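Undergrad: this one's structure only:
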């Protein structure tokens, strides 16, 4: 029977180089806090318990990550990684295996961790190491003459010979809980930092003849941590490049893979094309043959097959129907549903409205809290006046209506099926079906009128 898995995530660090009041692990990568990425990897392993050790920022972190299934343990004062795990130790079952992760190492893959868990369940210690061209700052992996891991020496405590070692400790390890607790109790802070190092556990295990098996990530980026805003930016680009490569492997055309940002989940059908500079937030679904124009922002959006979003559009909380065409420079706000073959043009804003099949709103208009039927044509400069200063009201425009340019529809109001509103109409009462309705002052000319002149120009 497999031993239960407990995961300890260390997230108490101050992150001094971030120069921020926000706890380091709450800084966003791809639209989510760093620690959320780590939690996602942890969740995929099916642990019995996840314990998060926090410190800097007080209750900011547990308040930001509201998950009742997490066990929060505060480390105060913060005396090193070994001390941090000591705070979690009383909450770990003796028969469990314990996986140690870090809240500021966001790109670790579940597949890598799964291999480590299997090793620990067989009674050994799994240690994740990596070889770096520039290992400065990392603890070095010291092996004996037989090539076995003997200990880990921190950079500040290393000799010149040890500093020449290019295999480094990532800090991620997995081992039986009973052994971990015993070694934690014997940790000392007799070192250059005056801290209790978790890495000293490896030396203790080696002296007792325990099996310490190294594991290696598929790519170095998996184990890179964030200690500065520069490193955060570098990881962001690495992560976005990985996402871009995955999209292209699925058959998505990216005009420039270096200029796309996915800050949530992006699901694409066949033959999707995405131009440069696009941002996808929340949950976005693009159907087959969808095209997204340059510098568009889509958040929590579903775009059906064959639809096209032209450049510089902002779409949020909406559904775009098949073969619809939106933009350029359109803003589609939450609660909007566009049916098949709808056309929304430049500088049009739509909010909380349903627009029916083959209807057109092509220029400089605002439609809010409205129902627009099938084959409706709404002219340039049209506004639904939906807000009276206290409450929102609904406008209904029935099938095949024609709304002339520069019209104002003062809700609540209904435009009947096949009705026409003349240009410049301010509609305050329902317009009957099939009729022409307009409201204009009579045009007249004042003979002999003279335009005023500035003083001194008379």
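TA: Yep, it's here. Because the structure is predicted, anything quoted here is derived from the model rather than measured. Numbering: from 1, shown residues only.

Undergrad: I'd like the average pLDDT over stretch 16-25.
TA: Here stretch 16-25 scores 92 as its mean pLDDT.

Undergrad: show me which positions of it end up buried.
TA: When neighbours are counted by 16 or more other Cβ atoms under 10 Å, the buried residues of stretch 16-25 are found to be 18, 22, 23, 24, 25. To be clear about C-beta, it is placed using only N, CA and C from the backbone, and glycine gets the same treatment.

Undergrad: so what touches the lengthiest helix in the chain?
TA: As assigned by DSSP state H, the longest helix anywhere in the chain is helix 229-249. Helix 229-249 is contacted by residues 17-19, 27, 29-30, 106-107, 221, 224-226, 254, 257-258, 260-262, 266, 268, 274 when judged by Cβ atoms under 8 Å, 6 or more residues apart in numbering.

Undergrad: still on that earlier bit, relative to residue 444, which of the buried residues of stretch 16-25 is nearest.
TA: Using Cβ to Cβ, residue 22 comes nearest to residue 444 of those, at 64.7 Å.

Undergrad: count of neighbours near residue 367?
TA: 26 (other Cβ atoms under 10 Å).

Undergrad: that one: what's it in contact with?
TA: Counting by Cβ under 8 Å, 6+ apart, residue 367 has contacts 348, 349, 350, 351, 353, 355, 361, 378, 382, 384, 395.

Undergrad: again with residue 419
TA: 398, 401, 402, 431, 432, 433, 434, 435, 436, 437.

Undergrad: hmm, back to that, filter the contacts of helix 229-249 down to just the buried residues.
TA: With burial judged by 16+ other Cβ under 10 Å, the buried subset of these is 18, 27, 29-30, 106-107, 221, 224-226, 254, 257, 260-262, 266, 268, 274.

Undergrad: returning to what we had before: export the contacts of residue 419 to a markdown table and tack on secondary structure?
TA: Shown next, in a markdown table, are the contacts of residue 419 (DSSP: H, G, I helix; E, B strand; the rest coil):
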| residue | secondary structure |
| --- | --- |
| 398 | coil |
| 401 | coil |
| 402 | strand |
| 431 | strand |
| 432 | coil |
| 433 | coil |
| 434 | coil |
| 435 | coil |
| 436 | strand |
| 437 | strand |
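
Undergrad: now the two most distant members of those.
TA: Counting by Cβ to Cβ, the most remote pair of the contacts of residue 419 is 398 and 436, 15.1 Å apart.

Undergrad: neighbour count: the two, which is higher?
TA: Neighbour tally, residue 398 and residue 436, criterion other Cβ under 10 Å: the higher count belongs to residue 398, 19 against 13.

Undergrad: skipping adjacent residues, who's closest to the more buried one in space?
TA: residue 417 (4.1 Å; Cβ to Cβ, 6 or more residues apart in numbering).

Undergrad: any weak-confidence spans in the stretch 1-150 of the chain?
TA: Low-confidence segments of the stretch 1-150 of the chain (pLDDT under 70): 1.

Undergrad: which residue ranges form the helices in it?
TA: Remark: helices assigned in the stretch 1-150 of the chain by DSSP state H, counting those that start in this stretch are 34-43, 60-64, 81-88, 110-121.

Undergrad: among those, which comes closest to residue 152?
TA: helix 81-88 (11.2 Å).

Undergrad: run through who's touching that closest one.
TA: For helix 81-88, the surrounding residues in contact (Cβ under 8 Å, 6+ apart) are 8, 10, 12, 51, 53, 55, 73-75, 78, 100, 171, 180, 184, 187, 195-201.

Undergrad: distance from the chain centre to that helix, please.
TA: 30 Å (Cα atoms, centre = their mean, to the nearest Å).

Undergrad: same question for stretch 407-421.
TA: Distance, stretch centre to chain centre, for stretch 407-421: 41 Å (Cα atoms, centre = their mean).

Undergrad: ends of that stretch, what's the gap?
TA: 8 Å (Cα to Cα, to the nearest Å).

Undergrad: now that stretch: buried residues?
TA: 407-411, 413-421.

Undergrad: ok, those vs residue 339, which is closest?
TA: Distances from residue 339 to these, taken by Cβ to Cβ, are shortest for residue 417, at 16.4 Å.

Undergrad: surely the closest one and residue 400 touch.
TA: Yes. Counting by Cβ atoms under 8 Å, residue 400 is a contact partner of residue 417 at 6.2 Å.

Undergrad: give me the common contacts of the two.
TA: Joint contacts of residue 417 and residue 400 (Cβ under 8 Å, 6+ apart) are residue 373.

Undergrad: quick one: pLDDT of residue 457?
TA: With respect to pLDDT, residue 457 has a value of 69.

Undergrad: if we can go back for a sec, taking the buried ones among the contacts of helix 229-249 one by one, which sit in strands?
TA: Here DSSP state E is the test, and these give 29, 254, 260, 261, 262, 266, 268, 274 as lying in strands.

Undergrad: okay, and the beta partners of the second one?
TA: This means residue 254. Taking DSSP bridges as the rule, residue 254 bridges to residue 274.

Undergrad: which residues touch it?
TA: 244, 247, 248, 260, 274.

Undergrad: quick one: it from residue 150, how far?
TA: Distance from residue 254 to residue 150, counting by Cβ to Cβ, to the nearest Å: 47 Å.

Undergrad: swap in the first one?
TA: Using Cβ to Cβ, one obtains 35 Å as the distance from residue 29 to residue 150.

Undergrad: what of the last one?
TA: Distance of residue 274 to residue 150, given as Cβ to Cβ: 50 Å.

Undergrad: the fourth one now?
TA: Residue 261 sits at a distance of 44 Å from residue 150 (criterion: Cβ to Cβ).

Undergrad: number of nearby residues for residue 387?
TA: 12.

Undergrad: which ones are touching it?
TA: 368, 393.

Undergrad: now the one 10 residues further on
TA: Remark: with contacts taken as Cβ under 8 Å, 6+ apart, residue 397 is in contact with 370, 371, 372, 373, 376, 378, 403, 409, 414, 415.

Undergrad: same thing but 7 Å
TA: For residue 397, the contacting residues are 370, 371, 372, 373, 376, 403, 415, by Cβ atoms under 7 Å, 6 or more residues apart in numbering.
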